[in-house]
Every structure is written in structure tokens, then in C-alpha cells.
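Undergrad: okay, sequence plus prediction incoming.
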Amino acid sequence: MSHSHQHREFQAIRTLDKNGEEITSVGFNRFGFDCQVPIDVLRSLYLRSHYVLRAPSSTRTSPTPGPKEEAYHSLFSAGHEEYQSKSVYHADTHAISYTTLASFPPVKLLTPTERKRILVTGGAGFVGSHLVDRLMLLGHEVTVLDNFFTGSKTTVSHWVGHPNFELIRHDVVEPFMIECDQIYHLACPASPPHYQFNPVKTVKTSFMGTLNMLGLAKRTKARFLISSTSEVYGDPEVHPQTEEYWGHVNPIGPRACYDEGKRVAETLTYGFKSQDGVDVRVARIFNTYGPRMNPYDGRVVSNFILQALKGEDITVYGDGSQTRSFQYIHDLIDGLIALMNSEETRPVNIGNNAEFTIGDFAHYVRDIVEKVLAQDGDKRERTSQIVYKDIPQDDPQQRKPDTTRAKEVLDWQPRWTVDMGLEEMVRYYKAKMAEGSL
Ligand SMILES: NC(=O)c1ccc[n+]([C@@H]2O[C@H](COP(=O)([O-])OP(=O)(O)OC[C@H]3O[C@@H](n4cnc5c(N)ncnc54)[C@H](O)[C@@H]3O)[C@@H](O)[C@H]2O)c1
């Protein structure tokens, strides 16, 4: 394929930030701290890291992709084909031959004092895997601890075998010992169907998991960051929510195992800080979406995109007047890394405060799905209607972060507009569907 052709294809997913400037890297260079990585290398890892080719049926020979398939592929890989595995699906035997990366993406070469040993619990999940990509590209030594309850090995398998990377199956409810300098404690199911699947286990994960990881931080003197949530504010009576707000949570409702679990996890975190001098960071994360989000999470964004891509009706719970704010994954990872490396020990909200009603958002997602399909030469008749169903119990009516603190102390603000983020996510799910893995 000619270079110009590749270049033209790449242009199709050029991304502009909210000021209209092109995004070529994520991360930042502030306070003498540089954590920027090129967006196209990252993208080659999440948009199409497992590129599944179809073997021609009734033969066992390796398939060679046709020009159309290669052109489509280059859309996602932007010249980074070597960082992608080309696994082969054999339709006749319904089997798949996995291949690993031909070469790892280049990671920064840090001096031993700059290079941190970083533990990421829940690192095989949606947020965790993006954090792992970032920390790996930045040149750190990363250990992922995960029990694969909601996460999956495929989200980080592109790093397996790299000398800076280790993947350990472990449940954080059990103690764990490792030498490390920083702990990002993310392990916890995050979506209602998963955290309600076994509510007692969810509370155990939040309480005992956090207790174990704080114990580890105490012993190793590692800096500890916990991914808390906007759910600690419950169904809030003040808008937007600042970190000072104490919350309005039903302690015995269906969401309590998660909300109260995170609240007690924060309590524990500050307990270890005041009693034992553990160096802690608390990120209160608001609704985040992006590639690698578990499609069966039942979260608004993934539901809407999948329904629209399949041409099914888009289901809105309630009358659609409840509002939400949505943050794109790269903004969250910027915020988490900024917080970890800042001196701020108070809780910090990390979220996007552009607010949408769920009803409007459904229309918005449908438009973007139609736009992406049209861009890819797949213009279809509209078949998705927006339908309204009963609202689940304790579903908050409105939630929107006040991110003044993050701006003041971290110089952090979201960069990604919702349409750019959605476009990437639509492409990710579309590619997964084309592979047959969705
Ligand atoms: N995604 C969001 O919008 C959002 C919002 C607020 C807070 N958070 C928090 O961010 C963190 C990550 O969320 P996510 O969206 O990536 O969810 P996720 O379900 O994709 O990831 C959670 C990961 O933790 C692992 N895990 C769960 N229980 C575990 C246990 N007992 N031991 C070891 N590993 C375990 C899962 O297998 C999974 O890989 C969670 O703590 C969540 O509460 C996420």
C-alpha cells in the first residue's frame, strides 16, 4: 500500500480537542513532570491490537488479507502494524490461532531513579488497562494484579513477555506482598450488573481489598492511589458536586454494596494516612467511557452504541430527563497520573462537566454511529428508534462534577469532546463486531 494512501486513511481518524487543535499525544508536561505518549501508538494498542483475519474456509493455509481489509486495518494502525497481532479465525473449524505482537511498541528508557515499580490492581479492566498502556509506554515497571472477574487478559496481553511487565492472577481480598513504589488500587467491579451479581463479594473487595493494599503500601512505603467514585455522593442534593459534599446514599439499597463499599474504602485510606502516615491519593471518578469497556456492563454509553450499531432500538430508562456527564478515558488517565504525582492528599473529582440528558445523549450516539458508518461507506436506513422503559431503583437523577480542585491543584481539565471520544469508541465496537468477537 502506498504511503499516501495510508496517510489519507489515517486522516480519517484525526482527532481535534475542544479548542480545535489536533491531538497527537496524551498526557502532559507540567510541574517538571512529563508523561506524554503519542496517541497513534496508544491507538494501535486499543483500537485494533487483536486484529483477527478470517482464514479462507475449508483450507488450513494462512490467510493473506485482501487490499480492502488491509486498507481498513491501516485506518487503525496508522503505520504501527508491527504492534498488532494478526490472529487467524478458521471459520470451518470455528477455531482461532492467536499470535502475539511481532514487536513491542518502544517504551521510554528511564534511569533507575526515574523508573518506578508500579502495582496496578484491577489492571486488566477497562480503566486499568489504559493506565497500564500509559505507564508501560512511559517506561515504568508495571505489575497487574487481577482476578479477571470483569477484566480480561486480552486487554493487556499485548504486554505479556515485555521485560517491564508482569501479570498476576490474584484476588485482592487475599493479602499480597510485592516490592513497589506506587500502587494504583482499581480492583473492584464497577458496573451495576457486575457489582450486584454478588453484593457481599463487592463489599469484601472494597473493604478487605483496600485494607490489604493499604497494608502493602504501609509496609513498602509505596504511594497509594484509590479509584473512588462519584457514587460516594449517592443521589446528590447539590449540583454540581464538590469534594466537600458528604453525599446522599441509601445504605441498604441495591447500589449500596458499591457506594458504601467505596465510602468505607475512603475511610480506610484516610485512616492509614493519619494513623500510619501512608502517602495517599483519592480520585473520585465520574462516569467514564472508552474502548475496552466491557460491552455487557449495561452502562449507558456501551448499551447505546451497541444498540445503534446493530440497528436495534435504543433503550432509555425513565423519561430520559435525568442528566449525566461523560468523560473520555484518556482524560481520566491524565487525571489519575497527575494526581498520583502531585502532592494533593484530599479527594479530587475527576470527570467531565459537560452535561447531557440521557434522552439527548441517545440521539447524539445514534447520530455519531450513523456518521461513522457513512464515513466507512456503510450508509444504512435508520432502524434504531429511541424507546423509554421504567427507571431502576435509586438511579440518580443528576450528577455532574465540580472539577475546580483538579484544575487548581493538578492543572487538569478534560480535553476530549464527547463526539471525538464516542467516535473512537464506535470504531472500537465496530471493529470488534467485524471480527465476530461481539
Ligand atoms: N468506569 C467508570 O466510569 C468508573 C467510575 C467511577 C469509578 N470507577 C472505578 O475505577 C475502577 C476501575 O473500573 P473499570 O471501569 O475499569 O471497571 P472494570 O470492571 O473494567 O475493572 C475492574 C477490574 O478489577 C478486577 N477485579 C474485580 N474484583 C477484583 C478482586 N476482588 N481482586 C482482583 N481484581 C478484581 C476486575 O477483574 C477488573 O479487571 C473501579 O475501582 C471503579 O470503581 C470507574
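TA: Yes, it's here.

Undergrad: can you name the element that comes right after the lowest-mean-pLDDT helix or strand in the chain?
TA: Least confident helix or strand, the chain: helix 3-11 with a mean of 40, by mean pLDDT, DSSP states H and E. Using DSSP states H and E, the helix or strand that directly follows helix 3-11 along the chain is strand 25-26.

Undergrad: quick one: contacts of that following strand?
TA: Here strand 25-26 makes contact (Cβ atoms under 8 Å, 6 or more residues apart in numbering) with 36-39, 42, 134, 330, 333-334. Every residue, glycine included, has its C-beta placed from N, CA and C.

Undergrad: same check, this time on stretch 315-322
TA: In contact with stretch 315-322 (Cβ under 8 Å, 6+ apart) are residues 303, 307, 357-360, 362, 386-392, 395-398.

Undergrad: now the contacts of strand 25-26: which count as buried?
TA: Buried subset of the contacts of strand 25-26 (neighbour count, 16 or more other Cβ atoms under 10 Å): 36-39, 42, 134, 330, 333-334.

Undergrad: tell me the contacts of residue 341?
TA: 31, 33, 35.

Undergrad: now, which of those lie within helices?
TA: The subset of the contacts of residue 341 located in helices under the criterion DSSP state H is empty.

Undergrad: within reach of the ligand, which of the residues you listed are there?
TA: Subset of these in contact with the ligand: empty, counting by Cβ under 6 Å from any ligand atom.

Undergrad: could you show me where the strands are in the stretch 101-250 of the chain, in order?
TA: 117-121, 141-146, 165-169, 182-185, 223-229 (DSSP state E, counting those that start in this stretch).

Undergrad: could you give the mean pLDDT of the fourth one?
TA: When pLDDT is averaged over strand 182-185, the result is 98.

Undergrad: can you give the distance of that strand from its chain's centre?
TA: 16 Å (Cα atoms, centre = their mean, to the nearest Å).

Undergrad: list the helices and strands that strand packs on?
TA: Applying 3 or more Cβ pairs under 8 Å, 6 or more residues apart in numbering; DSSP states H and E, we find strand 182-185 packed against strand 117-121, helix 210-220, strand 223-229, helix 329-340.

Undergrad: at 10 Å what do you get?
TA: In terms of contacts (3 or more Cβ pairs under 10 Å, 6 or more residues apart in numbering; DSSP states H and E), strand 182-185 is packed against strand 117-121, helix 126-137, strand 141-146, helix 210-220, strand 223-229, strand 280-285, helix 329-340.

Undergrad: buried set for stretch 297-311?
TA: Result for stretch 297-311 [16+ other Cβ under 10 Å]: buried residues 297, 299-309.

Undergrad: now pLDDT and distance to the ligand too, for those, in a markdown table please.
TA: Shown next, in a markdown table, are the buried residues of stretch 297-311 (pLDDT from 0 to 100; distance: Cβ to the nearest ligand atom, whole Å):
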| residue | pLDDT | distance to the ligand |
| --- | --- | --- |
| 297 | 84 | 7 |
| 299 | 86 | 7 |
| 300 | 89 | 10 |
| 301 | 93 | 9 |
| 302 | 93 | 10 |
| 303 | 92 | 14 |
| 304 | 95 | 15 |
| 305 | 96 | 15 |
| 306 | 95 | 16 |
| 307 | 95 | 19 |
| 308 | 95 | 20 |
| 309 | 94 | 20 |
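
Undergrad: so of those, which ones are in helices?
TA: 300-309.

Undergrad: and of those residues, the nearest to residue 264?
TA: residue 300 (26.5 Å; Cβ to Cβ).

Undergrad: confirm for me that that closest one is in contact with residue 289.
TA: Yes: Residue 300 sits in contact with residue 289 when judged by Cβ atoms under 10 Å, with a separation of 8.2 Å.

Undergrad: so what's in contact with those two at the same time?
TA: residue 326 (Cβ atoms under 10 Å, 6 or more residues apart in numbering).

Undergrad: just give me how far stretch 387-396 sits from the chain centre.
TA: Its chain's average C-alpha position is 25 Å from that of stretch 387-396, according to Cα atoms, centre = their mean.

Undergrad: residue 300 and residue 130, how far apart?
TA: Here residue 300 is placed at a distance of 19 Å from residue 130 (Cβ to Cβ, to the nearest Å).

Undergrad: kindly report the same for residue 320.
TA: According to Cβ to Cβ, residue 320 and residue 130 sit 29 Å apart.

Undergrad: do the same with residue 392
TA: Distance from residue 392 to residue 130, by Cβ to Cβ: 28 Å.

Undergrad: of the two, which one has the most company?
TA: Higher neighbour count among residue 392 and residue 130: residue 130, with 25 against 12, using other Cβ atoms under 10 Å.

Undergrad: which residue packs closest to residue 382, ignoring adjacent ones?
TA: residue 370 (7.0 Å; Cβ to Cβ, 6 or more residues apart in numbering).

Undergrad: check which helix or strand that neighbour maps to.
TA: Per DSSP H and E: helix 358-375 holds residue 370.

Undergrad: pLDDT on the helix or strand following that helix, on average?
TA: Next helix or strand after helix 358-375 toward the C-terminus (DSSP H and E): strand 386-389. Summarised as a single mean, pLDDT over strand 386-389 is 93.

Undergrad: same check on stretch 117-127?
TA: Mean predicted lDDT for stretch 117-127 stands at 98.

Undergrad: does that stretch reach the ligand?
TA: Yes: Stretch 117-127 reaches the ligand (Cβ under 6 Å from any ligand atom) through 121-122, 124-127.
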